[in-house]
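Engineer: Model the structure of this input:
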Amino acid sequence: MTVQRDMDIQVEPEKIFDVERIRSEFPILSQKVNGKPLVYLDNAATSQKPQDVIDAMTRYYLEENSNIHRGVHFLSDKATQSYEAARRKIQRFINAASHKEIIYVRGTTEAINLVAQSYGRKNFRQGDEILISAMEHHSNIVPWQILAEEKGLVLRVIPMNDRGELFLDKYEAMFNERTKFVSIVHVSNVLGTINPVRAMIGIAHRHDVPVLIDGAQAVSHGRIDVRELDCDFYAFSGHKMYGPTGVGILYGKEKHLESMPPYQGGGDMIRSVTYQKTTYNDLPYKFEAGTPNIAGGVGLGATIDFLNRIDFDAAMAYEREVFEYASVALAGVKGLRIIGTAKEKASVHSFTLEGIHPHDIGTILDDDGIAIRTGHHCAQPVMQCFNIPATARASFALYNTKEEVDALVKGIYRVMEVFA
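Structural biologist: Numbering: from 1, shown residues only. All right, here's what the predicted structure looks like:
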């Protein structure tokens, strides 16, 4: 398969996945923490960045730094071309029908807020119902709660079982004439559950209900084809897919975006302004008020180049192998309980240790240079479902190794010794 990086450049993806060579492209992974080699297992919070992405952002500031779209001089034109080329790379990466369907945002959180405030305010009426799931991140709960309080809406929650899997039959039974929207996570950031979103979208569409997918945890763990999914909106962040922080994407079907009012007002999202009336710009710029994170957009384009350059399928197979190795290793630790045991899981293991607080686990592991996440992971309702205050979470990426899993398990045993 030939992957197009720019309009006139073709590159062939590499056919063999060599994890050590890939690791060499991530400068931060070579450092030591507390005198120990860094073992970075906090990828669900943010992933590390390859040198190509860092270089692309540095090059923008060194050679192209200028505001985009509104300038006629050389630097502005060059920066605009880089920024808009990145948009089209992203369009092709998720197989959107048009670059007009790719809206730059700060991240998944802003994307969901945009849909709630723009689509929701226009289309929802008092008594209408929105469906979310029992495993949502706060970013896919709070925006809908704010809107529900403002407009008198009803927020209904799709239940899940003890393994962390949604009940599809109960989900389908929740639809009625008042159901107006579904917003669900593709991959749970706590449980690792991969939800059957294609089937769930199909169910919603049979009831003529649009669907937003929170893809923050999904884009780095598998191929996303928004047209195959047939979702109405798809949201994701750059920083969880080896890209920059502060930039993300809202995909929306053009028919929805055309009918939605702007989310914010300001420069660049307008065609003309008088004190009497403002005429809005065309898509996608209607939703991109003010000076954007230009370097972040350029960096996200470089991220797509990186993912297209490697054999992504081989990388995902390797990541799955490491994750399954970790599953077996952690299951062998007495007193360790994995939270979320769905049949379909991505590379996330949340766990507890009997009698030991997750924050203590994280602190002691950090002494050994092992970075994990502890707490409620911005998903307090999930913690309540499992009757726990918090978990320790190890999340994996394509640059992690089995040796790092061994280090994690060894570190966990040291935690248990300390608290014996």
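Engineer: now residue 181, what's its secondary structure?
Structural biologist: When classified by DSSP: H, G, I helix; E, B strand; the rest coil, residue 181 comes out as strand.
Engineer: Grab the nearest non-local neighbour of it.
Structural biologist: Among residues not flanking residue 181 along the chain, residue 130 sits closest, at 4.7 Å (Cβ to Cβ, 6 or more residues apart in numbering). Bear in mind the C-beta positions are built from the backbone N, C-alpha and C, glycine included.
Engineer: so what's the one you found up against?
Structural biologist: By Cβ atoms under 8 Å, 6 or more residues apart in numbering, the contact set of residue 130 is 120, 124, 144, 147-148, 153-156, 179-183.
Engineer: what does residue 25 give?
Structural biologist: So residue 25 contacts 50-52, 306 (Cβ under 8 Å, 6+ apart).
Engineer: want to throw these into JSON lines with pLDDT?
Structural biologist: Listed next are those as JSON lines, based on pLDDT from 0 to 100:
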{"residue": "50", "pLDDT": "98"}
{"residue": "51", "pLDDT": "98"}
{"residue": "52", "pLDDT": "97"}
{"residue": "306", "pLDDT": "97"}
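Engineer: Between all of the residues you listed, which two are at the greatest distance?
Structural biologist: 51 and 306 (9.3 Å; Cβ to Cβ).
Engineer: Pick out whichever of those two has more residues nearby.
Structural biologist: For the pair residue 51 and residue 306, the greater number of neighbours falls to residue 306 (21 against 14), based on other Cβ atoms under 10 Å.
Engineer: For the helix or strand hosting that one, C-alpha coordinates in PDB please.
Structural biologist: Assigned by DSSP states H and E, residue 306 belongs to helix 294-309. Output in PDB follows, covering the C-alpha atoms of helix 294-309 (Å, rounded to 0.1, in the frame of the first residue of the first chain):
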ATOM      1  CA  ILE A 294      -0.500  26.200  14.400                       C
ATOM      2  CA  ALA A 295       2.600  24.400  15.600                       C
ATOM      3  CA  GLY A 296       0.400  21.700  17.100                       C
ATOM      4  CA  GLY A 297      -1.500  21.300  13.800                       C
ATOM      5  CA  VAL A 298       1.800  21.000  11.900                       C
ATOM      6  CA  GLY A 299       3.000  18.500  14.500                       C
ATOM      7  CA  LEU A 300      -0.200  16.400  14.300                       C
ATOM      8  CA  GLY A 301       0.400  16.200  10.500                       C
ATOM      9  CA  ALA A 302       3.900  14.900  11.300                       C
ATOM     10  CA  THR A 303       2.400  12.400  13.600                       C
ATOM     11  CA  ILE A 304       0.200  11.100  10.800                       C
ATOM     12  CA  ASP A 305       3.400  10.800   8.600                       C
ATOM     13  CA  PHE A 306       5.000   8.800  11.400                       C
ATOM     14  CA  LEU A 307       2.100   6.400  11.700                       C
ATOM     15  CA  ASN A 308       1.800   6.000   8.000                       C
ATOM     16  CA  ARG A 309       5.600   5.300   7.700                       C
END
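Engineer: any idea how far the residue nearest in space to the middle of the chain is from residue 331?
Structural biologist: Taking Cα atoms, centre = their mean as the criterion, residue 216 is the residue nearest the geometric centre of the chain, at 1.3 Å. From residue 216 over to residue 331 the distance is 27 Å, taken as Cβ to Cβ, to the nearest Å.
Engineer: Residue 132 bridge partners, please.
Structural biologist: Legend: beta-bridge partners of residue 132 under DSSP bridges are residue 157.
Engineer: Any idea how many residues pack against it?
Structural biologist: Neighbours of residue 132 using other Cβ under 10 Å come to 22.
Engineer: Where does the prediction get shaky in the stretch 101-250 of the chain?
Structural biologist: Within the stretch 101-250 of the chain, not a single segment meets pLDDT under 70.
Engineer: hey, where'd the helices end up in it?
Structural biologist: Here the stretch 101-250 of the chain has its helices, by DSSP state H, counting those that start in this stretch, at 108-115, 121-123, 142-151, 168-173, 197-206, 226-229.
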